[in-house]
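K.L.:
sequence unknown, structure follows:
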């Protein structure tokens, strides 16, 4: 197979780490680790102190946004009593933003676009990964090399031709225009191909003797075995699509089709300095993924750790 | 003897060979890949050799004129410079702070999920939210940071409108927003440092600092290289947060090259010239990748 060294900036694969991450956690996260500070109480207090300061600095922006969101517009722009609102907390900001109605719409658009991008990307990349890992076909090696080389192409350089393409296809301001270019993920094909390479072939041999074809082997043997990897890739693709800005920004001008990151910033200009409202919409927009993170923390952490390295 | 199950003719056999299961499996990806990556790459290259614009006139082939214009375009060089400057300013803290956070969290202090949430949650925010949030934090008269500076007796800062501060402000926002990603990569790497190394060190009576310097950090050498490489490539592609915080200002003093492509193409309607600059940007990314590849090769020898 094409060696990974053809890929610039990609050192030899480190299988053990990824496998270890997919395996059940051996150590409890709060347990004693080999970096433990030993018996020194001073060291522990010091480390906890530094960590605490860092955490406060990191949580401050969101806490401040949350507080502002619960202020009245008047209190939010009070330069003297800037910390605690004089007129108490209110839900007015949230109410105004929600009743305007575009925020729920943008959330729906983001969900639709991200879900479509995720489903298409994972399915198509897994199939291609299977083809490159388990089958031979004319031009297969060459096409895989081309796919690996394409990892280098920054999507940012394609906005102009994509725009031109969608313009001539009459697809500007459609979901298809936002979704389709985002589904091409050579790096995911690369990751999944290497993942399939790492699975032992004995399992399929048994199925093949039973007369199973490629479709059966792919769907009923390899995919179920790959669930953790597929979940990792799916989460990573979803977060990327949910947060993607530049292409949705270029390809939509109709507010009804905007995704959350694009729509939310279009309001900022129209409303000028309504900071309480602005923070209320920021909080509402941030909520979905933060809540998902609270529930699926371990999966998301694992996804970033395996997929984030680009299959290295 | 001519049954419907008769052996296939040579013609249909070659069709079968071409439509082998492998190709069928790869086909959906290959179609998307061809239509939305290879074709646009080709079209971008073609457009860069023409004077294509968003207005109606038929584009003319103008050879390398766009590229020779780009070489003489001071604004393009300035934008390229901002991209490189942003990359230089952001990469070191994004790697170093992530490493520090991961080491501290990995010591096993109580409150693991709080630390992870605090450091990683910002990464999950859509950039639109990050933009709104930090415009408010950096607001000169009402923003939190100037209130805090006032509180400790330091002067106020025009975070986003002072050309000498704006880029640093963008780097700070980026650090806050994306450091969690590198933090998680480090945390995963720390968990895979082999136990027997620590056991051996413990037998030798090595203390906590000694273990950190002699085992943990050397074991993290490879991941540090990888994280740095990924970070440089990510930083070179900067656009979103700059566009949302400063629109490239004040006075285009923070405009990165990707925004210059956007401005030339979609504000100035010059798609041909924007395509040429896209390829200049691509050249920069390829150059950075090649340099890193060479450095990695040397390191692994």
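P.N.:
Received it, and whenever you're ready, just let me know what you need. Since we're looking at a predicted model, the values are computed, not measured. Numbering: from 1, shown residues only, chains lettered A, B, ... in the order given.

K.L.:
near residue B:84, how many other residues are there?
P.N.:
As a burial measure, residue B:84 scores 16 neighbours (other C-beta atoms under 10 Å in any protein chain shown). (Each C-beta comes from the backbone N, C-alpha and C, glycine too.)

K.L.:
that one: what's it in contact with?
P.N.:
With contacts taken as C-beta atoms under 8 Å, 6 or more residues apart in numbering or on different chains, residue B:84 has the following neighbours: B:236, B:284.

K.L.:
repeat that for residue A:297.
P.N.:
When the contact criterion is C-beta under 8 Å, 6+ apart, the partners of residue A:297 are B:113, B:116-117.

K.L.:
mind listing the helices for the stretch 201-312 of chain A?
P.N.:
With DSSP state H, counting those that start in this stretch as the definition, the stretch 201-312 of chain A shows helices at residue ranges A:202-209, A:214-216, A:223-225, A:227-243, A:246-251, A:260-271, A:275-295, A:297-307.

K.L.:
and the ones you listed, which is most packed in?
P.N.:
Among those, ranked by average contacts under mean count of other C-beta atoms under 10 Å in any protein chain shown, first place goes to helix A:246-251 (a mean of 23).

K.L.:
sorry, back to before: derive a ChimeraX selection command for the buried subset of the contacts of residue A:297.
P.N.:
Applying 16 or more other C-beta atoms under 10 Å in any protein chain shown to the contacts of residue A:297 leaves a buried subset, and the ChimeraX line that selects it is:
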select /B:116,117
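
K.L.:
where does the residue in chain B that chain A sits nearest to sit: helix, strand or coil?
P.N.:
Among the residues of chain B, residue B:22 lies closest to chain A, at 3.0 Å counting by C-beta to the nearest C-beta. Here residue B:22 is recorded as helix under DSSP: H, G, I helix; E, B strand; the rest coil.

K.L.:
surely it and residue A:133 touch.
P.N.:
No. In this structure residue B:22 lies outside contact range of residue A:133 using C-beta atoms under 8 Å: 9.8 Å.

K.L.:
one step back: adding mean pLDDT, write the helices of the stretch 201-312 of chain A out as a markdown table.
P.N.:
Shown next, in a markdown table, are the helices of the stretch 201-312 of chain A (pLDDT from 0 to 100):
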| stretch | mean pLDDT |
| --- | --- |
| helix A:202-209 | 85 |
| helix A:214-216 | 88 |
| helix A:223-225 | 91 |
| helix A:227-243 | 90 |
| helix A:246-251 | 94 |
| helix A:260-271 | 74 |
| helix A:275-295 | 85 |
| helix A:297-307 | 78 |
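
K.L.:
ok, back up a step: out of the contacts of residue A:297, which are close to chain A?
P.N.:
Among these, the residues that sit close to chain A (C-beta under 8 Å from any C-beta of the partner chain) are B:113, B:116-117.

K.L.:
please enumerate the strands of chain B.
P.N.:
Shown for chain B, no strands are assigned by DSSP state E.

K.L.:
which stretches of it have low pLDDT?
P.N.:
Judged against pLDDT under 70, the low-scoring parts of chain B cover residues B:1-19, B:56, B:301.

K.L.:
in helices, which of the ones next to chain A among the contacts of residue A:297 appear?
P.N.:
Among these, the residues falling in helices (DSSP state H) are B:113, B:116-117.

K.L.:
quick one: contacts for the residue of chain B closest to chain A?
P.N.:
Residue B:22 makes contact with A:131, A:134-137, A:140, A:214 under the criterion C-beta under 8 Å, 6+ apart.

K.L.:
tell me the contacts of residue 69?
P.N.:
No chain in the question, so chain A it is. If you count contacts by C-beta under 8 Å, 6+ apart, then residue A:69 has A:93-94, A:276, A:279-280, A:282-283 around it.

K.L.:
hmm, no, I was thinking of chain B.
P.N.:
For residue B:69, the set of contacting residues under the criterion of C-beta under 8 Å, 6+ apart consists of B:273, B:276.

K.L.:
select from the contacts of residue B:22 every entry located in helices.
P.N.:
Checked against DSSP H, the contacts of residue B:22 include these in helices: A:131, A:134, A:140, A:214.

K.L.:
which two among those residues are spaced furthest apart?
P.N.:
Greatest spatial distance in the ones in helices among the contacts of residue B:22: A:140 and A:214, 13.6 Å, computed using C-beta to C-beta.

K.L.:
and stretch B:215-223 with chain A, contact?
P.N.:
Yes. Between stretch B:215-223 and chain A, judged by C-beta under 8 Å from any C-beta, the touching residues are B:216, B:222.

K.L.:
ok, and the closest non-adjacent residue to residue 256?
P.N.:
No chain in the question, so chain A it is. residue A:105 (6.7 Å; C-beta to C-beta, 6 or more residues apart in numbering or on different chains).

K.L.:
that's the wrong chain, I meant chain B
P.N.:
Closest residue to residue B:256 apart from its sequence neighbours, by C-beta to C-beta, 6+ apart: residue B:83 at 4.3 Å.

K.L.:
who are the contact partners of the one you found?
P.N.:
Counting by C-beta under 8 Å, 6+ apart, residue B:83 has contacts B:236, B:238, B:256-258, B:281, B:284.

K.L.:
if I look at residue B:111, how far off is residue B:216?
P.N.:
In this structure, residue B:111 and residue B:216 are 21 Å apart, going by C-beta to C-beta, to the nearest Å.

K.L.:
the more surrounded of the two?
P.N.:
residue B:216 (20 against 15).

K.L.:
wait, doesn't the more buried one sit right on residue B:193?
P.N.:
Yes. With contact defined as C-beta under 8 Å, residue B:216 reaches residue B:193; the gap is 6.3 Å.

K.L.:
give me the number of residues near the residue nearest to residue A:182 when sequence neighbours are not counted?
P.N.:
By the measure of C-beta to C-beta, 6+ apart, the closest residue to residue A:182 outside its immediate chain neighbours is residue A:117, 4.7 Å from it. Using other C-beta under 10 Å, residue A:117 is surrounded by 23 other residues.

K.L.:
pretty sure residue A:117 contacts residue A:183?
P.N.:
Yes. Under the criterion of C-beta under 8 Å, residue A:117 is in contact with residue A:183, at a separation of 5.7 Å.

K.L.:
what's the spacing between stretch B:39-51 and its chain's center?
P.N.:
24 Å (C-alpha atoms, centre = their mean, to the nearest Å).

K.L.:
any residue of it touching chain A?
P.N.:
Yes. Using C-beta under 8 Å from any C-beta, a contact is recorded between stretch B:39-51 and chain A, made by B:39-41, B:43-44, B:47.

K.L.:
mind checking which of those are buried?
P.N.:
B:40-41, B:43-44, B:47.

K.L.:
can you put these in TSV and add distance to residue B:268?
P.N.:
As requested, those are exported to TSV (distance: C-beta to C-beta, whole Å):
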residue	distance to residue B:268
B:40	20
B:41	22
B:43	19
B:44	17
B:47	14
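
K.L.:
quick check: phi and psi on the residue nearest to residue A:182?
P.N.:
Backbone geometry at residue A:117, expressed as degrees, to the nearest 10, gives phi -60, psi -40.

K.L.:
how about residue B:205?
P.N.:
Backbone phi and psi, for residue B:205 under degrees, to the nearest 10, turn out to be phi 80, psi 30.

K.L.:
next one: residue B:209 from residue B:41, what distance?
P.N.:
With the distance defined as C-beta to C-beta, residue B:209 ends up 51 Å from residue B:41.

K.L.:
list the contacts for the residue of the stretch 101-250 of chain A found nearest chain B?
P.N.:
Scanning the stretch 101-250 of chain A for the residue nearest chain B gives residue A:135, at 3.0 Å (criterion: C-beta to the nearest C-beta). For residue A:135, the contacting residues are A:214, B:20-22, B:25, taking C-beta under 8 Å, 6+ apart as the criterion.
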